[in-house]
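Student: Pasting the sequence and the predicted model now:
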Amino acid sequence: MSAAVARFLGYLRVERRYAPRTADNYARELALLTRHAEAHGVRDWRELVPAQMQALVASEHRRGRGPGSLRHLLAASRSFFRWLLREGVLQSNPASGVRAPRLLRKLPHVLDVDEAQRLMELDADDALQVRDRALLELLYSSGLRVAELCGVHWRDLDLDEGLVRVTGKGSKTRVVPVGAKALDALRALKPATANAAAPVFPGRGGKPLTPAAVRLRLKRRAREQGVAKRVHPHLLRHTCASHLLESSGELRAVQELLGHADIATTEIYTHLDFQRLAQVYDRAHPRARRR
């Protein structure tokens, strides 16, 4: 059973070109699935039945895993079983009818325009500040994921056209626009003799900054700029999407910018926009004010 899992993980890494972190997440979930199956006397994946999959979800739920985490477990399991179906090992998917507890979708937190502007007005008096300002501007300008930001090299940037090429989830590449302020910050950061293969945001030893390092930089800069909210890379991605949608109303354009495969993922920002409208209405309309 473990050998089948190992072959599937190799398929994800080599043929599907999954990011190492994503493949590691699959490996962790499938190791849990394998232990659960073996504990229930299953010695071959063809012996696994939906009731045993439901028992795994129920057991993990009792241990404290939330609905979102359980959905990840089921997604990894279904993907593995679909691969076994294609390989001719299984005749049916034992996880196809198993459901996780309902996920209560939370609206993302965002910065308002004044907070975003305050964060971007970082002094650029030394090399580290120049780098961090460019980092902040690009995250807010183009709505990048933190892994996408860390993977940007100078060859991926077209400063004349105002474009950046990034590699997102599932190794999918997209080209997104870069705003004027971010372009200015990137030009100030770019060395006179920049190596095209060099990372735009290097850390120690010239290697790309890690996502953890980016999170620490944002936390520090937000504190220095007097932004009270907990600032992290995905907050700036949410903020970019929310401000763009609020100004344009172009949901499809925002979907393309963010690289969402499903527009339903992007629609969360329309709910956020409506929530803001409702708050303004409650404050401003004479007949809406609460006593």
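Tutor: Nice, thanks for sending it over. Residues are numbered from 1 along each chain as shown.

Student: Count the residues that sit near the residue lying closest to residue 266 once chain neighbours are set aside.
Tutor: In space, and not counting its chain neighbours, residue 266 is closest to residue 255: 4.2 Å by CB to CB, 6 or more residues apart in numbering. Bear in mind the C-beta positions are built from the backbone N, C-alpha and C, glycine included. Neighbour count for residue 255, taken as other CB atoms under 10 Å: 20.

Student: quick check: mean pLDDT across the host helix or strand of residue 255?
Tutor: Per DSSP states H and E: residue 255 is located in helix 251-258. Helix 251-258 shows a mean pLDDT of 82.

Student: could you say what helices and strands that helix packs with?
Tutor: Judged by 3 or more CB pairs under 8 Å, 6 or more residues apart in numbering; DSSP states H and E, helix 251-258 is in contact with strand 173-177, helix 233-248, helix 263-266, helix 268-284.

Student: And the ones you listed, which one averages the lowest pLDDT?
Tutor: Per-stretch mean pLDDT for the helices and strands packed on helix 251-258 is lowest at helix 268-284 (a mean of 57).

Student: rewinding a little: how far off centre is the helix holding residue 255?
Tutor: Its chain's C-alpha centre and that of helix 251-258 lie 15 Å apart, by CA atoms, centre = their mean, to the nearest Å.

Student: Name the residues that touch that helix?
Tutor: The contact list for helix 251-258, computed with CB atoms under 8 Å, 6 or more residues apart in numbering, reads 142-143, 174, 176-177, 237, 240-241, 244-245, 248, 263, 265-267, 269-270.

Student: Narrow the residues you listed to those that are buried.
Tutor: 142, 143, 176, 237, 240, 241, 244, 245, 266, 269 (16 or more other CB atoms under 10 Å).

Student: okay if I get the residues you listed as a markdown table plus distance to residue 230?
Tutor: Listed next are those as a markdown table, based on distance: CB to CB, whole Å:
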| residue | distance to residue 230 |
| --- | --- |
| 142 | 21 |
| 143 | 18 |
| 176 | 25 |
| 237 | 14 |
| 240 | 17 |
| 241 | 18 |
| 244 | 22 |
| 245 | 22 |
| 266 | 23 |
| 269 | 19 |
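
Student: Please tell me I have it right and residue 200 contacts residue 151.
Tutor: No: Residue 200 is beyond contact range of residue 151, at 9.4 Å (criterion: CB atoms under 8 Å).

Student: With neighbour numbers in mind, choose between the two.
Tutor: More crowded of residue 200 and residue 151, by other CB under 10 Å: residue 200, with 24 against 18.

Student: Give me the residue ranges of the stretch 101-250 of the chain where confidence is low.
Tutor: 103-107 (pLDDT under 70).

Student: Now do the strands in it.
Tutor: Using DSSP state E, counting those that start in this stretch, the strands found in the stretch 101-250 of the chain span residues 157-158, 163-167, 173-177.

Student: Of all the ones you listed, which one comes closest to residue 65?
Tutor: Smallest distance to residue 65 across the strands of the stretch 101-250 of the chain (CB to CB): 30.0 Å, for strand 163-167.

Student: packing partners for the closest one?
Tutor: Counting contacts by 3+ CB pairs under 8 Å, 6+ apart, strand 163-167 is packed against helix 127-142, helix 146-150, strand 157-158, strand 173-177.
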